[in-house]
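Asks: below: sequence and its predicted model.
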Amino acid sequence: MDIRLKLVTSSLDVKGGAHRVTLKIAQHFKAPIYCFDYQPEKTFEEFQDIEIITPKKTSLRRIPVGRNLVDTIEVFSYFYNLKLDDYDLINAHISPAEWVRNKNSPVLWYCYAPYRMAFDLYDWKMKQLSPLKKLKFKTWIAAYKYLEFKTIPEIEYMFTVSNNSKNRIKKYLKRDAETLYPGIETNKFSCKGYEKFFFYPSRIDTIKEFEYVIKAFKIFSAKTKGWKLVIAGSTSPFFNEYLEKLKSISNENIIIETNIEEDHLLDLYSRCYAVPFSAIDEDLGLVPLEALASSKPVIARNEGGTRETVAEGNDGFLVNSPEEMAQKMEWLAKNPDACEKMGKLGRKKVCKDFTWENFLKRFEEKAREMI
């Protein structure tokens, strides 16, 4: 029996890991996607082969602090009042898409994490804002939480991306969730060698804390000459100021590339020496998994989902400061054979434990149970 699945997500506007999950589910079930903000030129091309339904008029372009009140009402209203028909199951993704549960049932929510700016990163974000922006942000989050807690208890089942996110869901949303790791298309990733540069790809966003890696690399390169750091990520107008800050603290050995094509991304993965990763308490972190799929060891911040994907001393290192990250960079640079061995162990692990076959098998199993 075919499952008539419909997907709902807030945006498809970057080539991010969450959008890759949405894409794989939509392709597997031949399902349409209801999306508030679809920007085909910025996300995966494969979405153009899928039916994407958006509101006739949209003004949302991400979720910046201080967004116009009309935009806030529009996106809140869209998901909270969206009424669908002719389906067996609705699969919700990026918040606040889960509010589709208000007028529809059953809903299977693949929750990457409770909206971080409303929960675990709320205080961190507030410290960065001016008094006026703090007031706007606080008001918006209060409205968000009201609708979130009104809807969450009704959702029939929740998958999540990691045990780290599972714990957050329990703490902040008071719900249980099942960890279901996403897959990695390992056939896309390869290793062409180990050239003398470190590579940190991620969207240009303050929560990725590129300053951490830049500081580590500067410490490393002061002692070890001839190396470079390449940063690559998608950009948003809301983080232009942050991008300029990163450029201002970089030097001739630090290269920042933005909005690169996938072929170039894969090429950089295949040629780099190792991948540092410093995102703040990341839900899971696809970058370390992609690095391991490219047979490159990872030097990751010792927190969040990377604790579940990077095995200390086996296929990478977990560090507690930029200084410690610099030390691991130096160790790897001095031990090329160990670097290659760690990378190969990482690829072996990803090929075994992080496959779309495993993901879709469990997802469909649960979907059939629910309907």
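Replies: That came in fine, so what should we check first?
Asks: against V298, how distant is W331?
Replies: W331 sits at a distance of 14 Å from V298 (criterion: CB to CB, to the nearest Å). Every C-beta, even on glycine, is put in place using the N, C-alpha and C of the backbone.
Asks: next one: T306
Replies: Counting by CB to CB, the gap between T306 and V298 amounts to 7 Å.
Asks: and W331 and V298? which has more neighbours close in?
Replies: Under the criterion of other CB atoms under 10 Å, the comparison of W331 against V298 puts V298 first, with 27 against 13.
Asks: how about the more buried one, what does it touch?
Replies: Shown in contact with V298 (CB atoms under 8 Å, 6 or more residues apart in numbering): 274-277, 288, 291-292, 306, 310, 315-317, 346.
Asks: how about a cut-off of 7 Å?
Replies: Under the criterion of CB atoms under 7 Å, 6 or more residues apart in numbering, the neighbours of V298 are 275, 277, 288, 291-292, 310, 315-316.
Asks: shared neighbours, T306 and V298?
Replies: The contact sets of T306 and V298 overlap at 277, 288 (CB under 7 Å, 6+ apart).
Asks: between the contacts of V298, which is closest to H19?
Replies: Out of the contacts of V298, the one with the shortest distance to H19 is P288. That distance is 18.2 Å, counting by CB to CB.
Asks: and the closest residue to the closest one other than its chain neighbours, its phi and psi?
Replies: The spatially closest residue to P288, leaving aside those adjacent along the chain, is V298, at 4.5 Å (CB to CB, 6 or more residues apart in numbering). For V298, the backbone dihedrals (degrees, to the nearest 10) come out as phi -120, psi 140.
Asks: helix, strand, or coil at K6?
Replies: Look at K6: counting by DSSP: H, G, I helix; E, B strand; the rest coil, its state is strand.
Asks: give the bridge partners for it, please.
Replies: I90 (DSSP bridges).
Asks: show me the contacts for it.
Replies: Contacts here follow CB under 7 Å, 6+ apart; on that basis K6 touches 31-32, 34, 84, 87, 90.
Asks: now F217: closest residue in space that isn't a chain neighbour?
Replies: Computed as CB to CB, 6+ apart, the closest residue to F217 that is not its neighbour in sequence is L229, at 4.3 Å.
Asks: isn't the one you found up against F210?
Replies: No. In this structure, L229 is not within contact of F210 by CB atoms under 7 Å, at 9.7 Å.
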